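Asks: coords please:
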Amino acid sequence: MQMQFPPIKPRLSFWQLWNMSFGFFGIQFGFALQNANTSRIFSTLGANADDLPLFWLAAPVTGLLVQPVIGYLSDNTWHPFWGRRRPFFFLGAILATVAMFMMPNSSSLWMAVFVLWMMDASINVSMEPFRAFVGDKLHPAQQTSGFAMQTFFIGCGSVIASLLPTIFTEWFNVSNIPVNGGIPDTVRYSFYAGGLAFIGAVSWTVITTRETAPQDMKAFRAEVEQRKGTLTALREIFKGFTTMPRTMVQLASVSFFSWLALFTMWVNTTPAVAENVFGTVDAQSAAFQSAGNWVGVMFAVYNGVSAIAAFILPVIARRTNRKMTHLACLVIGGISLASIFFITQKEMLLIPMVGVGIAWASILTVPYAILAGALPAERMGFYMGVFNFFVVIPQIIGGLILGPISAALLGGRPVATLLLAGACMAIGGLLTVFVTDKGEQTA
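Replies: Presented below is the predicted three-dimensional model:
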């Protein structure tokens, strides 16, 4: 028995796409603050550079555990008011907001690691149903545009979030220096603003966008009844790995190398820039905190570029194809990321961020558009959650091996690991050649 949904999805207007995607502005506000400032927070609280990947493991491990479960639950949920995905958006937003207020008030390294677990789990509760939400509502011909709209809001939220510490320092004269080993006020206020942006943006989508009920509610409820129970849920989740569509399997390898590169960048950019450009490894120094602010500017640039590229990529994909578009973007990003190793002037660091932004836009758009065209509608949330394994597993592996590799082969220099990150991203691009894009004709 299969859950029945409307066979033909109506095309949505620009503002309908806007409203349904706006929640990603808040979600990425949280992720951007996490990506740009977690290494800075850990270092300020006493972490060594070689240990940073291990402490970052909290983030991908929570995604590994949370996203398939949330995807499974959202597939099997229907509420007359809340719908299928929206209750998960909203609950995740509440929990993430609480965590974002806690993170910059961490009094010890281990407290910060614990709060990172909480924050990342909460963000994942919101984010995974959003991916399925687009697949649920959009006509196949609008899927690339729908994920591109998400990428636009991801870019906008990330730009503002990444710049916040610098804005508080330069516009409002807020202290950027840690006092008694604590987190600088610029970082604390940025996380407070991020919490409010998160709950506000997600609430906008919840209020303005409705979900379409299953066409045959009786059949839907019968199917849900068959899937009740923890053991049934776990069995279905593990079974998902053996029933993945071929396209999903092919995209897994592309995703692996792409996200290993991104994880390496997020973990190592702050200590790399501090040492290579600002000339310090002392996390309590003003120079190190200035490097942290500059990394925020760098990340704002790549996210700003991704917001613009999000609207250009669908056009390029229609004139060429989605696979070649993704390949080119990842190779450009890989070369750009590796070039950071050779740069010693801070302003020059903004140039490779343009290439990273192009790759980031494609990573957030093209694989999900290809995937949405290959997944059964009634299992969209579940398979999107399973696909997240190939986002978080490379990050877990990176967390386990990057420190030892850096210490043994790269002289313990974080900037040298960015060469490795660039190579991984380029490999991910080349592997795109082997992906079968079933929805290519409707991109």
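
Asks: With just CA atoms, put stretch 108-122 into CSV.
Replies: Extracted in CSV, the C-alpha atoms of stretch 108-122 (Å, rounded to 0.1, in the frame of the first residue of the first chain):
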residue,chain,number,x,y,z
SER,A,108,34.5,25.6,29.8
LEU,A,109,35.6,23.8,26.7
TRP,A,110,33.5,20.7,27.5
MET,A,111,30.4,22.8,28.1
ALA,A,112,30.9,24.4,24.6
VAL,A,113,31.2,20.9,23.1
PHE,A,114,28.0,19.8,24.8
VAL,A,115,26.1,22.9,23.6
LEU,A,116,27.4,22.3,20.1
TRP,A,117,25.8,18.8,20.2
MET,A,118,22.5,20.4,21.3
MET,A,119,22.7,23.3,18.8
ASP,A,120,23.6,21.1,15.8
ALA,A,121,20.9,18.5,16.6
SER,A,122,18.3,21.2,16.9
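
Asks: Just the mean pLDDT for that stretch, thanks.
Replies: Averaging the model's pLDDT scores along stretch 108-122 yields 90.

Asks: which residues touch it?
Replies: By CB atoms under 8 Å, 6 or more residues apart in numbering, the surrounding residues in contact with stretch 108-122 are 30, 34, 38, 41-42, 45-47, 55-56, 58-59, 61-63, 65-66, 92-93, 95-96, 98-100, 102-103, 106. Just so you know, the C-beta spots here come from the backbone N, C-alpha and C atoms, and that holds for glycine as well.

Asks: Just the buried subset of those residues, please.
Replies: For these, burial is judged from neighbour counts taken by 16 or more other CB atoms under 10 Å, and it is met by 30, 34, 38, 41-42, 45, 47, 55-56, 58-59, 61-63, 66, 92-93, 95-96, 98-100, 102-103, 106.

Asks: longest helix anywhere in this protein?
Replies: With DSSP state H applied, the helix covering the greatest number of residues in the chain is identified as helix 286-319.

Asks: residue ranges with poor pLDDT in the protein?
Replies: Applying pLDDT under 70 to the chain flags residues 1-8, 135, 224, 226-234, 237, 240-241, 377-378, 381, 385, 439-443.

Asks: can you map out the helices along the stretch 301-443 of the chain?
Replies: In the stretch 301-443 of the chain, the segments counted as helices under DSSP state H, counting those that start in this stretch are 322-339, 350-372, 380-387, 389-409, 414-431.

Asks: can you list contacts of the host helix or strand of V69?
Replies: Element membership of V69 [criterion: DSSP states H and E] is helix 58-75. Contact with helix 58-75 is made by 34, 38, 84-85, 88, 113-114, 116-117, 120-121, 124-125, 127-129, 132, 233, 236-237, 240, 263, 378-386, 388-389, 391-393, 395-396, 399, as judged by CB under 8 Å, 6+ apart.

Asks: Can you flag the buried ones in these?
Replies: The neighbour-count test (16+ other CB under 10 Å) applied to these identifies 34, 38, 84-85, 88, 113-114, 116, 120-121, 124-125, 127-129, 132, 233, 236-237, 240, 263, 378-386, 388-389, 391-393, 395-396, 399 as buried.

Asks: Validate this expectation: Q284 resides in a strand.
Replies: No - when the secondary structure is assigned by DSSP: H, G, I helix; E, B strand; the rest coil, Q284 falls in coil instead of a strand.

Asks: Tally up the residues packed near P68, please.
Replies: Other residues within reach of P68, judged by other CB atoms under 10 Å, total 27.

Asks: I misspoke; the intended subject was M348.
Replies: The number of residues near M348, taken as other CB under 10 Å, comes to 13.

Asks: which parts of stretch 76-85 are buried?
Replies: Residues of stretch 76-85 classed as buried under the neighbour-count rule (16+ other CB under 10 Å) are N76, T77, W78, W82, G83, R84, R85.

Asks: Same check on stretch 199-217?
Replies: Neighbour-count burial for stretch 199-217 flags I199, G200, A201, V202, S203, W204, T205, V206, T209, E211, P214 (criterion: 16+ other CB under 10 Å).

Asks: Got phi/psi on L138?
Replies: Here is the backbone geometry of L138 (degrees, to the nearest 10): phi -100, psi 140.

Asks: Sweet, I'm off.
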